[in-house]
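K.L.:
Provided below for reference: sequence and predicted model.
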Amino acid sequence: MSAPNSPYYGESHAAFRDTLRRFVEREIAPFVDAWDEAEEFPRELYRKAADVGLLGLGFPEEYGGVPGDESSPRRSWRAPAPAASRRA
């Protein structure tokens, strides 16, 4: 979902959304059923997400955060929805 003519949606938003979508497709979607069955969630997934810049969104860089505008955290969680819906 893009808004190319929107003054609020830029290339950095698209790049972050694409990174998040690829991460979900590669690191989450293939395993979600097994995690659900096992009733476990791999804690190392947090490290993998941090390594590609998906954690700390909206927090200052001097505290390990990732730069972004006010809407970036809200917008970021819309990207995994298509991958999650394909699981069913």
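P.N.:
Received it, and whenever you're ready, just let me know what you need. Numbers count the residues shown, from 1 in each chain.

K.L.:
just the helices in this protein please.
P.N.:
Along the chain, the segments classed as helices by DSSP state H run 11-23, 32-38, 44-51, 72-76, 81-85.

K.L.:
so which of these gets nearest Phe59?
P.N.:
Evaluated over the helices of the chain, closeness to Phe59 peaks at helix 72-76, with 9.6 Å, by Cβ to Cβ. Backbone N, C-alpha and C define where each C-beta goes, glycine included.

K.L.:
how many residues are close by Leu54?
P.N.:
Around Leu54 there are 19 other residues, counting by other Cβ atoms under 10 Å.

K.L.:
need the contact list for it.
P.N.:
With contact taken as Cβ atoms under 8 Å, 6 or more residues apart in numbering, Leu54 is in contact with Thr19, Leu20, Phe23, Val66, Ser76.

K.L.:
of the residues you listed, which one scores lowest on pLDDT?
P.N.:
In terms of pLDDT, the lowest of those is Ser76, showing 54.

K.L.:
nearest to Glu62, of the helices of the chain?
P.N.:
If you check each of the helices of the chain against Glu62 by Cβ to Cβ, helix 44-51 wins as the nearest, at 16.2 Å.
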